[in-house]
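Q: Sequence first, then the predicted structure:
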Amino acid sequence: MVTEQQAAPADAAGTTRPPRRGPVLVVAGALGETLFTVGVLLALFATYSLWWTDVLAGRRAGQDGERLRGAWSTALASARHDVGEGVGFLHIPALGQDYQVLIKMGTDEETLDEGVAGVYQEPYRSALPWEKEGNFALAAHRDGHGAKFHDLDQVQPGDALVVETGDNWYVYRVDNTLPETSKYDTGVVAPVPTGSGYDAPGRYITLTTCTPVYTSLYRMAVWGSLQRVDAMDEHRTPPPELAS
């Protein structure tokens, strides 16, 4: 039998009312609702950062790439290479026969957020592929904004790196990789890259991105050397390294 002390309180009309929650339960409930709201907002932000920015960057890079190819076909490509200008395309067969990324001058945030590989202008000026000597050093995002170098850690010594320009195919071979270094280690993009194993000037390519994934704590690097230059024919026939 329920005693008078155990019965739930009733109002003047005799309607039973639920017991009042104590202050601790009230605070706990409010905190739980706040944490849930924060969790939803963080999930939405992560979705925006990693997925939606990929969509936008991919769309922008695709349009810019088509414009560059159109300029090549009409011989209207700019001879200047200012920050933000297209240079060509990077193909990495180890990441898929259809893998390509538009290359633009500059590694500022605005340029890289367009879903491209940017050419370093500082602290060293990168040599472009057709120059007789130097390091063609590139950077791209690993996560978000196209994430073009997301799988760069899969590239290994011996793999081909192919740069496509309006006039030529530049075929490089990966010679060495650096899984992790300080993000302040500028030597990895020097004309003769520190740690690459190269000890004299040459015609090199360097690819850099953040590591580990979903962070910007460190940098990784891939180094290659030029093996040959194939002249572009009227059909833009790709070299054997890109044959499907």
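A: Yes, it's here.

Q: For the rest of this, base every contact and every neighbour count on C-alpha atoms.
A: Fine.

Q: in this protein, which spans are strands?
A: All strands of the chain, identified by DSSP state E, fall at 86-91, 100-105, 117-119, 134-139, 160-164, 168-182, 203-211, 218-231.

Q: Deepest-packed of those strands, please.
A: strand 117-119 (a mean of 31; mean count of other Cα atoms under 10 Å).

Q: Which secondary structure elements does that one sit against?
A: Helices and strands touching strand 117-119, by 3 or more Cα pairs under 8 Å, 6 or more residues apart in numbering; DSSP states H and E, are strand 100-105, strand 134-139.

Q: Could you give the average pLDDT over the last one?
A: By that I understand strand 134-139. Averaged across strand 134-139, the pLDDT comes to 98.

Q: can you state the direction angle for it and strand 218-231?
A: Relative orientation of strand 134-139 versus strand 218-231 (axes from the mean of the first three to the mean of the last three Cα atoms, to 10 degrees): 130 degrees.

Q: tell me what strand 134-139 is packed against?
A: Applying 3+ Cα pairs under 8 Å, 6+ apart, one finds that strand 134-139 makes contact with strand 117-119, strand 203-211.

Q: Need those in TSV (columns: mean pLDDT).
A: Compiled in TSV, the helices and strands packed on strand 134-139 are given as follows (pLDDT from 0 to 100):
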stretch	mean pLDDT
strand 117-119	97
strand 203-211	98
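
Q: now for the helices and strands packed on strand 117-119, which one comes closest to residue 162?
A: Checking those against residue 162 by Cα to Cα gives strand 100-105 as the closest, at 9.3 Å.

Q: Skipping its backbone neighbours, what lies nearest the residue positioned nearest the centre of the chain in space?
A: Geometric centre of the chain, nearest residue: residue 141, 1.9 Å, by Cα atoms, centre = their mean. Spatially, and ignoring its direct neighbours in sequence, residue 141 is nearest to residue 147 (4.8 Å; Cα to Cα, 6 or more residues apart in numbering).

Q: Based on its surroundings, how many neighbours for the one you found?
A: Other residues lying near residue 147 total 23 when counted by other Cα atoms under 10 Å.

Q: what does the one 5 residues further on give?
A: A total of 23 residues lie near residue 152 under the criterion other Cα under 10 Å.

Q: Residue 198 versus that one, what's the distance?
A: Residue 152 is 21 Å from residue 198, where distance means Cα to Cα, to the nearest Å.

Q: hang on, isn't the residue nearest to residue 141 packed against residue 140?
A: Yes: the pair residue 147 and residue 140 passes the contact test of Cα atoms under 8 Å, sitting 7.1 Å apart.

Q: Overlap of the contact sets of the two?
A: residue 115 (Cα atoms under 8 Å, 6 or more residues apart in numbering).

Q: Same list, the strands of the chain, but as TSV with distance to residue 128 please.
A: Formatted as TSV, the strands of the chain follow (distance: least, Cα to Cα, whole Å):
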stretch	distance to residue 128
strand 86-91	9
strand 100-105	10
strand 117-119	9
strand 134-139	6
strand 160-164	10
strand 168-182	11
strand 203-211	9
strand 218-231	12
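
Q: Can you lay out the helices and strands packed on strand 117-119 as TSV showing distance to residue 240?
A: Below are the helices and strands packed on strand 117-119 laid out as TSV (distance: least, Cα to Cα, whole Å):
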stretch	distance to residue 240
strand 100-105	16
strand 134-139	22
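
Q: Go through those and name the closest to residue 81.
A: strand 100-105 (6.6 Å).
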